[in-house]
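Peer 1: Whatever this is, show me its structure:
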Amino acid sequence: MNANNTQNSSNRALVEAGVTIKLGLDVHAAKIAVCVQVDGATPQPSQLMISERVLGWISALRRKYPVARVVSCYEAGPLGYALHRQLIAAGIENIVVTPQRLDVDGRGQKTDRLDARALVERLDRYVGGNRNALGVVRVPTPQEEQARSLVRMRTQLSRTRRKHEARGRSVMLAQGIRVQGPWWRKSAWAKLAPTLPEWLHRIVAVWQKLAIEAHEEERQVRSELEASAPAELPRGVGALTWVTLAREILDWNRFNNRRQVASYTGLCPGISQSGERTHYRGINRHGNPAVRHALVELVWRLVRWQPQYPPVRSLVDKSLSPRSRRKAAVAAARRLAIDLWRLATGRSTPERVGLTAAFSG
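Peer 2: As a prediction, the model looks like this:
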């Protein structure tokens, strides 16, 4: 009884002092490792619990410290943002952070419990004012996430169609039948099917049917996306490309300056510097890969449609070596992202950035 009274008195003292409870969450589908740190004290031993019980456990923790500030974090991953929204609804200040290597002692030891402790230690520094301790992910609103999921579904359908196409081509190639181009399309298949042995026709027809179904679904989704694009875009900037960029970025106004835009694309060069030695590496590929791919594809399209656009002028010169052209394309894609951000946010006009045709955001 005396021990309970002592514990209750200690809890009240912490609450009155404005204590902050920090939670490091190593999240998995079935279980979540939780590490608790009370204010500046040493983190408590991590606990591994079933995912469905975590919110109830955190609620009990809040009842223990009713006026305390509770902050938690977990790494972004395949489980998405459902847990984040549940934590926010429960009154928890949660942040989602970029995945990173969490090695607590430098000895290569890695367990869920150690990861949870590493997260709470970095969260402690972040809450204390060190904003470089964690890389915070911008969590989309439910509406933004739904809009983006349609873009990603179209990409997945396109990849699925190519897989079915490749499987059918591979089966035929194994029998000495080499086909080129979109053999799965109805017109091409009508000519190819009668030439196949009956047993081979049965197998390839399955892949042809699946490829057609994926293609038709992808075309339907693509039409829906293109219909949502602005009525006027710079020449060469297709409706699908613009919608893909806009929905993957979520909100062009999230960036405060051009450096943030360039960094998000992952098109910035890596650097290795020590003393007087400086070596620039390839692009760091941080950020959103879908945005990066769309920008590079768009650059090559602008070479044809808008060769006067300053960033792509060097690509018009065919005397460049293939390697130099690739490097120039990356630099042009980085600059293009900045210009599109300026257009979408009203910071500039197409004429000022060197693009032709009107733009309507």
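Peer 1: Tell me how far the lengthiest helix in the chain lies from the chain's centre.
Peer 2: Secondary structure of the chain per DSSP state H: the longest helix is helix 142-173. For helix 142-173, the separation from the chain centroid amounts to 17 Å (computed by C-alpha atoms, centre = their mean, to the nearest Å).
Peer 1: Which neighbouring elements make contact with the next helix or strand after that helix?
Peer 2: Using DSSP states H and E, the helix or strand that directly follows helix 142-173 along the chain is helix 186-192. The contact analysis (3 or more C-beta pairs under 8 Å, 6 or more residues apart in numbering; DSSP states H and E) places helix 186-192 against no helix or strand. All C-beta spots, glycine's among them, are computed from the backbone N, C-alpha and C.
Peer 1: And for helix 186-192, what's in contact with it?
Peer 2: Residues outside helix 186-192 that contact it (C-beta atoms under 8 Å, 6 or more residues apart in numbering) are 179, 181-183, 208, 212.
Peer 1: about what we covered before: buried sites along the longest helix of the chain?
Peer 2: 147-148, 151, 154, 157-158, 160-161, 164-165, 167-169, 171-172 (16 or more other C-beta atoms under 10 Å).
Peer 1: Could you do stretch 112-132 as well?
Peer 2: Burial within stretch 112-132, assessed by neighbour count using 16+ other C-beta under 10 Å, is assigned to 112-124, 126-127.
Peer 1: Of those residues, which belong to helices?
Peer 2: Using DSSP H, the buried residues of stretch 112-132 in helices are 112-124, 126-127.
Peer 1: So which of those is the closest to Lys327?
Peer 2: Nearest to Lys327 out of those is Arg122 (C-beta to C-beta; 35.2 Å).
Peer 1: Might one say that that closest one is in contact with Asn132?
Peer 2: No. Contact criterion C-beta atoms under 8 Å: Arg122 and Asn132 do not qualify, at 9.8 Å.
Peer 1: what ranges do the helices span in the stretch 201-350 of the chain?
Peer 2: Using DSSP state H, counting those that start in this stretch, the helices of the stretch 201-350 of the chain run over residues 239-249, 258-265, 289-305, 313-316, 322-344, 350-353.
Peer 1: wait, which of those is closest to Gln100?
Peer 2: Using C-beta to C-beta, those put helix 258-265 closest to Gln100, at 16.2 Å.
Peer 1: That closest one vs helix 289-305, what angle?
Peer 2: 110 degrees (axes from the mean of the first three to the mean of the last three C-alpha atoms, to 10 degrees).
Peer 1: Report the angle between helix 258-265 and helix 239-249.
Peer 2: 100 degrees.
Peer 1: So which elements touch helix 258-265?
Peer 2: Packed against helix 258-265 by the contact rule (3+ C-beta pairs under 8 Å, 6+ apart) you find helix 289-305, helix 322-344.
Peer 1: closest to Arg277 out of those helices?
Peer 2: With C-beta to C-beta, the closest approach to Arg277 among these belongs to helix 322-344: 21.1 Å.
Peer 1: Convert the C-alpha atoms of the closest one to CSV, please.
Peer 2: Only the C-alpha atoms of helix 322-344 are listed here, as CSV (Å, rounded to 0.1, in the frame of the first residue of the first chain):
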residue,chain,number,x,y,z
PRO,A,322,25.4,9.1,-74.0
ARG,A,323,26.8,9.5,-70.4
SER,A,324,26.8,13.3,-70.8
ARG,A,325,23.3,13.3,-72.1
ARG,A,326,22.1,11.2,-69.1
LYS,A,327,23.7,13.6,-66.7
ALA,A,328,22.2,16.6,-68.5
ALA,A,329,18.8,15.0,-68.5
VAL,A,330,19.0,14.6,-64.7
ALA,A,331,20.0,18.2,-64.2
ALA,A,332,17.2,19.3,-66.5
ALA,A,333,14.6,17.2,-64.6
ARG,A,334,15.7,18.8,-61.3
ARG,A,335,15.3,22.3,-62.8
LEU,A,336,12.0,21.3,-64.4
ALA,A,337,10.6,20.3,-61.0
ILE,A,338,11.4,23.7,-59.7
ASP,A,339,9.8,25.5,-62.6
LEU,A,340,6.6,23.4,-62.4
TRP,A,341,6.5,24.2,-58.7
ARG,A,342,6.8,27.9,-59.5
LEU,A,343,4.0,27.6,-62.1
ALA,A,344,1.7,25.6,-59.9
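Peer 1: Find the residue ranges of this protein scoring beneath the pLDDT cut-off.
Peer 2: Scanning the chain for pLDDT under 70 picks out the ranges 1-17, 102-108, 357-361.
Peer 1: mind giving me the domain split of it?
Peer 2: Domain assignment for the chain, taken from automatic domain parsing, gives 2-127, 142-227, 239-353.
Peer 1: Just put those in a markdown table and tack on distance to Leu233.
Peer 2: As requested, the domains of the chain are exported to a markdown table (distance: least, C-beta to C-beta, whole Å):
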| stretch | distance to Leu233 |
| --- | --- |
| domain 2-127 | 30 |
| domain 142-227 | 11 |
| domain 239-353 | 6 |
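Peer 1: need the contact list for the spatially most central residue of the chain.
Peer 2: When C-alpha atoms, centre = their mean is applied to the chain, the residue found nearest the centroid is Asn288 (4.6 Å). By C-beta under 8 Å, 6+ apart, the residues touching Asn288 are 248-249, 264-266.
Peer 1: Quick check: the gap between it and Ser223.
Peer 2: The spacing between Asn288 and Ser223, counted by C-beta to C-beta, to the nearest Å, is 24 Å.
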